[in-house]
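Chemist: Predicted model follows, preceded by the sequence.
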Amino acid sequence: MSSRRARPPEAVVEERRQDVLRHVIEHGEARIDELGERFGVSLMTMHRDLDDLAERGLLRKLRGKVAAFPALTMEIAARFREGLHLTEKEALGAAAVGEISAGQTVFVDCSTTVFPLVNRMREIEPLTVVTNSLRVVRILGPCQGIETVLIGGRYNNEFDSCAGPDVVDALGDIRADVGFISATAVAGGRLFHPVQDYAALKNAARGSVHRNVLLVDHSKFGKTATYAHGEVSDYDLVIVDSRTPEDEIDAMIELGAAVRVVALEETAKEE
């Protein structure tokens with residue numbers, strides 16, 4: 001029997017590259033050998049990861065180190081994140097679409113996690129969809145039976161959406177039957193976002209929606225960010241995938257959250 005290691009699934013490689021990119025963005029630059037040690041891969045593997053990220057224009061590869069592009073990297077990184085954890089996001093969207101009925105008003109935010117759900121919403125008519133996301137408008141705009149309401153405010157390139165006080169004020173005048181958002185980070189049942197305007201938006205959206213649904217894939221758990229925006233118990237339903245850590249699921253249940261776990265096919269993890 002061969003002792004050669006199996007190559008990890010592409011999804012695992014992409015997830016690691018996202019984590020590497022996030023680390024470089026947060027620190028501005030990093031030594032390549034230190035990145036290899038931090039992420040538990042060989043120097044050759046780390047060079048392959050960084051070559052891929054550099055070819056996408058997400059960072060600069062220099063002699064012995066890599067550096068982030070201060071503005072451009074963050075804008076492109078949003079599109080990079082949209083392509084990650086697609087299996088999980090599709091599963092969450094398939095589970096969540098049953099919460100929507102024709103004729104309802106639905107709120108969705110600009111989280112990439114909700115985009116597969118938005119694609120499924122094209123089959124439900126009539127609907128009124130309220131959003132701060134230009135991506136959502138582009139998905140649903142061609143649908144004749146769906147009225148799309150874009151909440152305008154200060155535009156953010158990174159998230160391709162609007163945020164700020166104008167959006168929060170506008171949400172106060174809206175009443176939706178059901179709303180769907182995600183969180184950048186979840187730890188012990190608390191929700192976090194790195195940008196204050198978006199944390200405020202998520203808080204405001206909850207008050208404008210009759211039934212609030214939170215969609216979170218497993219990669220968001222066990223992490224925090226600068227700004228807290230409530231707890232999972234503030235939502236009527238939390239939908240997660242089956243790779244979510246058990247201790248995080250237990251913490252959510254202890255807080256009184258209704259948690260639905262969506263089964264996924266087991267995928268191999270990198271050794």
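Modeler: Sure, I can see it.

Chemist: Tell me where the stretch 101-250 of the chain has strands.
Modeler: Applying DSSP state E, counting those that start in this stretch to the stretch 101-250 of the chain gives strands spanning 105-108, 127-131, 146-150, 154-156, 161-163, 176-181, 185-187, 190-193, 209-216, 227-231, 237-241.

Chemist: how about those strands, which one is nearest Leu86?
Modeler: Across these, Leu86 has its closest neighbour in strand 237-241 (11.7 Å, CB to CB). The C-beta positions use only the backbone N, C-alpha and C, and glycine is treated the same way.

Chemist: Put the alpha carbons of that closest one into PDB.
Modeler: Provided in PDB are the C-alpha atoms of strand 237-241 (Å, rounded to 0.1, in the frame of the first residue of the first chain):
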ATOM      1  CA  LEU A 237     -34.300  30.300  14.200                       C
ATOM      2  CA  VAL A 238     -30.600  29.600  13.800                       C
ATOM      3  CA  ILE A 239     -29.600  27.300  10.900                       C
ATOM      4  CA  VAL A 240     -26.100  25.900  10.900                       C
ATOM      5  CA  ASP A 241     -24.300  23.100   9.100                       C
END
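
Chemist: Which neighbouring elements make contact with that strand?
Modeler: Other helices and strands packing on strand 237-241, by 3 or more CB pairs under 8 Å, 6 or more residues apart in numbering; DSSP states H and E, are helix 86-96, strand 209-216, strand 259-262.

Chemist: Could you check the longest helix along the chain and say which residues are buried?
Modeler: Longest helix in the chain by number of residues (criterion: DSSP state H): helix 10-27. Buried residues in helix 10-27, defined by neighbour count with 16 or more other CB atoms under 10 Å: Val13, Glu14, Glu15, Arg16, Arg17, Gln18, Val20, Leu21, His23, Val24, Ile25.

Chemist: and the residue lying closest to the last one once chain neighbours are set aside, bridged to which residues?
Modeler: The spatial neighbour of Ile25 that comes closest, neighbours along the chain excluded (CB to CB, 6 or more residues apart in numbering), is Ala68 at 4.8 Å. With DSSP bridges applied, the residues forming beta bridges to Ala68 are Leu59.
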